[in-house]
Structures are given as C-alpha cells and as structure tokens.
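Trainee: A structural model of the following input is requested.
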Amino acid sequence: MGQPVYVNLVVRGTVYADVAAAAQGEGVTPGAVRRAIAAGRLDRLGARKRRLRYDAMPVRIRGQTFTNAQAAADHFGVTTGAIYQALSRGKMDRVGLAPERGQARALPVVIGGMRFRSMAVASRALGFGSSYVSQAYTRNSTFAKQRILAAAMRLREQQDQAKRTDAVRLDAMNEKRIASC
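Mentor: Residues are numbered from 1 along each chain as shown. Prediction:
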C-alpha cells in the first residue's frame with residue numbers, strides 16, 4: 001500500500017496540484033509537506049526556511065486577548081513554550097501563576113463530613129504528620145482510622161464553636177452600633 005494521494009493543497013492562499021508541487025513551490029521536501037498535512041499545519045509549511053513571522057493565532061488568557069503567543073508570554077513573564085504547553089493541556093488560566101504544589105495527583109478526601117483537598121492536607125489539618133492519613137488508609141488500620149475520625153470531629157467542633165463565637169461578636173457589635181445611633 002502506497003502513501004496517500006494529496007491533491008489541491010492550499011498553503012497560505014496558494015493552491016498546489018500535489019505534494020511534489022507544494023514541496024517545490026515552498027522549498028521543502030515532499031516528506032515535510034506530508035508531515036505538515038498529517039499535523040494539520042500546512043499554513044506553517046516552509047515558514048522557517050523563508051524566515052516568515054508566524055502570528056496567526058490570537059491567545060486568550062483569563063479573559064484578556066493577545067495577538068499571539070509571544071505577546072502573551074511577554075505579558076506574563078513566561079516563555080512561548082509555556083503558553084503552547086498550557087494550551088495543549090487546556091490550562092490557559094494557570095499561565096503565569098505559581099504552581100499548585102503537589103496537587104497534580106492529589107485526590108479530595110472526606111473525613112467525618114469534612115472535605116479536604118488531599119490526604120496530606122487532611123493529615124496536617126487534623127494535627128498528624130503529613131502522611132498519617134494516607135498510611136492509615138493504605139494499611140487499612142482500624143485504630144488509626146478511629147483516631148483520624150475523632151480528630152476530624154474535634155476539628156469540626158472547634159470550627160463550629162469559632163463560628164458561634166464570631167456570630168455572637170457580630171451581634172454585640174451591631175447592638176452597640178444601633179445603640180450609638
């Protein structure tokens with residue numbers, strides 16, 4: 001079985017009869033033309049050889065539109081490679097922000113009705129070492145799970161108490177303000 005036959009190729013507005021004609025017209029090899037077709041990038045064919053500036057794609061990051069990836073990279077202080085990488089990963093809103101350390105593999109966990117971003121966050125919030133919750137669940141330790149649940153219940157009670165205290169303080173402040181008027 002031979003290579004696919006490509007006809008009527010359009011490269012930046014110029015129509016070529018076949019791969020060989022496109023290669024000759026753009027000053028590249030037929031293999032380069034086929035690779036560009038496979039990648040869907042005929043518009044960039046021969047651009048490096050002719051030193052053409054390629055500014056065709058506008059980039060939108062957090063609601064702000066830039067004329068090209070270089071302009072966005074300059075604005076956020078990153079490389080154009082970082083812009084294209086974020087584009088391919090679908091994370092354009094994270095460009096130029098600090099990385100979320102360790103959250104690439106983190107799984108949310110619910111303990112005693114409380115939700116945590118990861119087991120490590122839960123461990124630290126409950127007053128244990130950073131790997132305690134993970135090890136307890138990995139080892140399926142009943143005793144450790146009971147300690148974790150008890151700590152979660154204590155933390156929830158402390159948070160509820162803090163909310164009640166804050167509500168009482170706000171009520172007192174509002175009463176003083178009303179009385180002074």
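Trainee: which stretches of this protein have low pLDDT?
Mentor: By pLDDT under 70, the low-scoring segments of the chain are 1-4, 48-56, 100-104, 181.
Trainee: Just the helices from it, written as ranges.
Mentor: With DSSP state H as the criterion, the chain has helices at 19-26, 30-39, 69-76, 80-89, 119-125, 132-139, 142-180.
Trainee: Switch those helices over to a markdown table; also include distance to residue 99 and mean neighbour count.
Mentor: The way it works is simple: take the backbone N, C-alpha and C, and place the C-beta from them, glycine included. Below are the helices of the chain laid out as a markdown table (distance: least, Cβ to Cβ, whole Å; neighbours: other Cβ atoms under 10 Å):
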| stretch | distance to residue 99 | mean neighbour count |
| --- | --- | --- |
| helix 19-26 | 40 | 18 |
| helix 30-39 | 29 | 16 |
| helix 69-76 | 14 | 18 |
| helix 80-89 | 11 | 15 |
| helix 119-125 | 16 | 20 |
| helix 132-139 | 21 | 17 |
| helix 142-180 | 28 | 12 |
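Trainee: got CSV for those, with distance to residue 112 too?
Mentor: Below are these laid out as CSV (distance: least, Cβ to Cβ, whole Å):
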stretch, distance to residue 112
helix 19-26, 65
helix 30-39, 51
helix 69-76, 41
helix 80-89, 35
helix 119-125, 10
helix 132-139, 12
helix 142-180, 3
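Trainee: nearest to residue 111, of those?
Mentor: Evaluated over the helices of the chain, closeness to residue 111 peaks at helix 142-180, with 4.5 Å, by Cβ to Cβ.
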